[in-house]
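Enquirer: Give me a model of this one.
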Amino acid sequence: MHELSVCRAMLEQVAEIAGRHGARCVQGIVVRIGPLSGVEPALLARTFPLARAGTVAAHAELTIEPQPVRVRCDACGAESAATPSRLLCAACGDWRTRLISGDELVLASVELVT
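Expert: Okay, here's the model as predicted:
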């Protein structure tokens, strides 16, 4: 399961952050996930309790913030929302767009207990 390795990598980052700040444990973790990130939020949430066992985040709550797909149009310059399967400009309908959000997997915040 790909999400398990994602959780483990995230928890390594969390442990490093907790260590740098002298935290006893981690109370909460917030991640931002776009639909084009390659990570399924529901599977990540289901895998998290297994991955956190025995770590500094053993009792942490995971909050997942879904991120929208947004594009910038090369033709008209507009920024607009798009769907993962249709990255078209909402202003002019052109297909020549650049993805500006929606593919991210970001560790947004960590709540530490010192």
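
Enquirer: and the lengthiest helix in the chain, what other elements does it pack with?
Expert: If you go by DSSP state H, the chain has its longest helix at helix 2-20. If you count contacts as 3 or more CB pairs under 8 Å, 6 or more residues apart in numbering; DSSP states H and E, helix 2-20 packs onto strand 25-33, helix 41-52, strand 105-113. From N, CA and C alone the C-beta is placed, and that goes for glycine too.

Enquirer: hmm, 6 Å instead?
Expert: helix 41-52, strand 105-113 (3 or more CB pairs under 6 Å, 6 or more residues apart in numbering; DSSP states H and E).

Enquirer: quick one: that helix to strand 25-33, angle?
Expert: 130 degrees (axes from the mean of the first three to the mean of the last three CA atoms, to 10 degrees).

Enquirer: how far off helix 41-52 does helix 2-20 point, in degrees?
Expert: Using the same axes, to 10 degrees: helix 2-20 against helix 41-52 is 50 degrees.

Enquirer: roughly how far out does helix 2-20 sit from the chain middle?
Expert: Offset of helix 2-20 from its chain centre (CA atoms, centre = their mean, to the nearest Å): 13 Å.

Enquirer: residues of that helix that come out buried?
Expert: Glu3, Val6, Cys7, Met10, Leu11, Val14, Ala15, Ile17, Ala18 (16 or more other CB atoms under 10 Å).

Enquirer: Please list the outside residues in contact with that helix.
Expert: 26, 39, 43-44, 47-48, 51, 55-57, 107, 110, 112 (CB atoms under 6 Å, 6 or more residues apart in numbering).

Enquirer: Noted, bye for now.
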